[in-house]
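Trainee: Generate a structure from the sequence data that follows.
(one chain, ligands or ions: 2)
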Amino acid sequence: MGSSEDSTGTVRNILDQDTLKWVFVGGKGGVGKTTCSSILSVLLSQVRSSVLIISTDPAHNLSDAFQQRFTKAPTLVTGFNNLYAMEVDPTVEHEEGDMSDGFMSDLSNSIPGIDEAMSFAEMLKLVQTMDYSVIVFDTAPTGHTLRLLQFPTTLEKGLAKVMSLRSKFGGLFSQMTRLFGVGDDFGEDDLLGKLEGMKDVIEQVNKQFKDPDLTTFVCVCIPEFLSLYETERLVQELTKFEIDTHNIIINQVIFDEEAVESKLLRARMNMQQKYLDQFYVLYDDFNITKLPLLPQEVCGVEALQAFSHNFVTPYRASIVRGTLEELEQRISTLKEQLKVAEAEKDRVAKGKQKV
Ligand SMILES: Nc1ncnc2c1ncn2[C@@H]1O[C@H](COP(=O)(O)OP(=O)(O)OP(=O)(O)O)[C@@H](O)[C@H]1O
Ligand SMILES: [Mg+2]
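Mentor: Ligands and ions are numbered 1, 2, ... in the order given. Predicted coordinates for the structure are as follows:
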């Protein structure tokens with residue numbers, strides 16, 4: 001990737017930053033997180049040795065985007081030799097009887113989110129051993145994402161609590177073994193070892209998530225009030241958690257040429273312009289990438305590849321309003337519409353005569 005190329009208005013800065021290990025993609029529901037994270041992973045696979053994309057959204061739409069079934073184990077994406085995908089469920093699957101005893105339910109009640117945090121930590125631990133060059137997260141809508149990023153802290157707190165419970169309840173502690181998936185033949189010391197090991201992973205990951213050389217968060221949004229508002233909230237929370245963010249993707253933008261003849265589209269375009277202006281004012285130190293609203297969904301590898309063009313080259317309307325070319329095109333479209341309307345009028349008039 002030539003550094004001389006202009007990266008303004010594109011996601012090239014992410015492709016160029018070869019130290020990145022974790023790329024989170026998040027935003028409000030339905031704005032295009034799965035589409036954008038999938039395309040980012042495709043683009044990264046062109047410049048990195050190996051890429052893993054993980055969906056942490058229980059609704060799992062990576063399978064829809066790539067038109068391929070994925071599971072909780074990394075699976076090679078068809079047509080690639082270095083791009084893998086997996087879908088994990090952030091809500092922990094309880095083994096039968098796990099929560100039936102009082103101690104366990106007490107524990108998870110007293111530390112909200114501990115079971116989710118545990119499964120997230122297990123997943124990160126697994127992924128870290130796999131040695132991918134970069135890992136892209138397609139996250140669930142905003143609220144959930146932020147909770148996910150707090151998991152390391154939640155878990156650290158949880159572990160401290162577990163330790164104090166252990167000293168209180170002694171023998172009962174061995175019942176914990178099931179939560180961590182170790183067999184009955186494991187003693188308390190093994191369990192403690194496992195917890196300690198987990199703590200190391202958590203601390204390590206916590207540090208990595210806060211290192212802007214290793215981690216960045218890409219905010220996806222659309223040019224509407226609620227999305228602007230939600231993006232601001234997201235950016236503030238990320239700042240609070242010390243997680244780097246300097247890319248915003250504004251999806252579903254209606255460009256001038258599309259709105260030429262439609263009153264509705266023109267009105268929406270003006271509405272969008274108002275929020276686009278605000279995005280540029282609020283985030284002038286961010287890399288902002290605008291993506292056009294397409295007439296169709298982005299489904300399947302081919303569609304993803306085709307749309308990926310707009311991630312690395314700023315979108316330019318092929319026709320500029322007010323030019324001779326544009327006026328000629330508008331006149332010919334209007335003539336075409338006039339013809340259709342006249343034909344329809346004739347048809348209706350004939351129908352009336354018959355009645
Ligand atoms: N620029 C676009 N033009 C047209 N369709 C788009 C565009 N971007 C995304 N889509 C389509 O919109 C739908 C929602 O996109 P996507 O699944 O990426 O959103 P999401 O933010 O992941 O949603 P969710 O919050 O439900 O996970 C999909 O069908 C996708 O193909
Ligand atoms: Mg999605």
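
Trainee: Okay, now the unreliable bits of the stretch 1-150 of the chain?
Mentor: Judged by pLDDT under 70, the stretch 1-150 of the chain has its weakly predicted residues at 1-7, 90-118, 141-149.

Trainee: at 80 what do you get?
Mentor: 1-7, 57-60, 89-122, 124-125, 140-150 (pLDDT under 80).

Trainee: Within the helices and strands, which one has L234?
Mentor: helix 225-240 (DSSP states H and E).

Trainee: what packs against that helix?
Mentor: helix 142-169, strand 215-221, helix 263-282 (3 or more Cβ pairs under 8 Å, 6 or more residues apart in numbering; DSSP states H and E). Heads up, the C-betas are built off the backbone N, CA and C, glycines and all.

Trainee: what do you get if the cut-off is 10 Å, keeping everything else the same?
Mentor: Here helix 225-240 touches strand 22-26, helix 142-169, strand 215-221, strand 247-253, helix 263-282, going by 3 or more Cβ pairs under 10 Å, 6 or more residues apart in numbering; DSSP states H and E.

Trainee: and the residue in the chain positioned nearest to ligand 2, how many neighbours does it have?
Mentor: At 3.3 Å from ligand 2, T34 is the closest residue in the chain, using Cβ to the ion. Using other Cβ atoms under 10 Å, T34 has 25 neighbouring residues.

Trainee: ditto for F80
Mentor: Applying other Cβ under 10 Å, we find 17 residues neighbouring F80.

Trainee: what does the one 4 residues further on give?
Mentor: Y84 is flanked by 21 other residues according to other Cβ under 10 Å.

Trainee: Checking it next. Helix, strand or coil?
Mentor: Put simply, Y84 is strand when judged by DSSP: H, G, I helix; E, B strand; the rest coil.

Trainee: which non-adjacent residue is nearest it?
Mentor: P74 (4.0 Å; Cβ to Cβ, 6 or more residues apart in numbering).

Trainee: Does the one you found touch L62 like I think?
Mentor: No. Using Cβ atoms under 10 Å as the test, P74 is too far from L62 to be in contact (11.6 Å).

Trainee: Compare neighbour counts for those two and give me the winner.
Mentor: The residue with more neighbours, out of P74 and L62, is L62; 23 against 19, by other Cβ under 10 Å.

Trainee: quick revisit: please enumerate the shared neighbours of P74 and L62.
Mentor: 53-54, 85-86 (Cβ atoms under 10 Å, 6 or more residues apart in numbering).

Trainee: In JSON lines: these, plus neighbour count and distance to ligand 1.
Mentor: Shown next, in JSON lines, are the shared contacts of P74 and L62 (neighbours: other Cβ atoms under 10 Å; distance: Cβ to the nearest ligand atom, whole Å):
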{"residue": "I53", "neighbour count": "31", "distance to ligand 1": "12"}
{"residue": "I54", "neighbour count": "26", "distance to ligand 1": "14"}
{"residue": "A85", "neighbour count": "26", "distance to ligand 1": "14"}
{"residue": "M86", "neighbour count": "20", "distance to ligand 1": "16"}
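
Trainee: so who does Q46 touch?
Mentor: Q46 neighbours (Cβ under 10 Å, 6+ apart): 1, 15, 80, 82-83, 308, 312.

Trainee: and which of the shared contacts of P74 and L62 is nearest P292?
Mentor: I53 (23.0 Å; Cβ to Cβ).

Trainee: Which strands border the helix or strand encompassing that closest one, and is each parallel or antiparallel?
Mentor: For I53, the enclosing helix or strand under DSSP H and E is strand 51-55. According to DSSP bridges, strand 51-55 forms sheet pairs with strand 83-87 (parallel), strand 134-138 (parallel).

Trainee: Turn the helices and strands packed on helix 225-240 into JSON lines, including distance to ligand 1 and mean neighbour count.
Mentor: Formatted as JSON lines, the helices and strands packed on helix 225-240 follow (distance: least, Cβ to the nearest ligand atom, whole Å; neighbours: other Cβ atoms under 10 Å):
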{"stretch": "strand 22-26", "distance to ligand 1": "9", "mean neighbour count": "25"}
{"stretch": "helix 142-169", "distance to ligand 1": "9", "mean neighbour count": "17"}
{"stretch": "strand 215-221", "distance to ligand 1": "6", "mean neighbour count": "25"}
{"stretch": "strand 247-253", "distance to ligand 1": "5", "mean neighbour count": "23"}
{"stretch": "helix 263-282", "distance to ligand 1": "12", "mean neighbour count": "14"}
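
Trainee: among these, which gets the worst mean confidence?
Mentor: Lowest mean pLDDT within those: helix 142-169, at a mean of 67.

Trainee: which residues sit in contact with the spatially closest residue to V235 that is not a sequence neighbour?
Mentor: Once flanking residues are discounted, V235 sits nearest to T245: 6.0 Å by Cβ to Cβ, 6+ apart. The neighbourhood of T245, defined by Cβ under 10 Å, 6+ apart, consists of 24, 26, 212, 215-219, 231, 234-235, 237-239, 283, 286.
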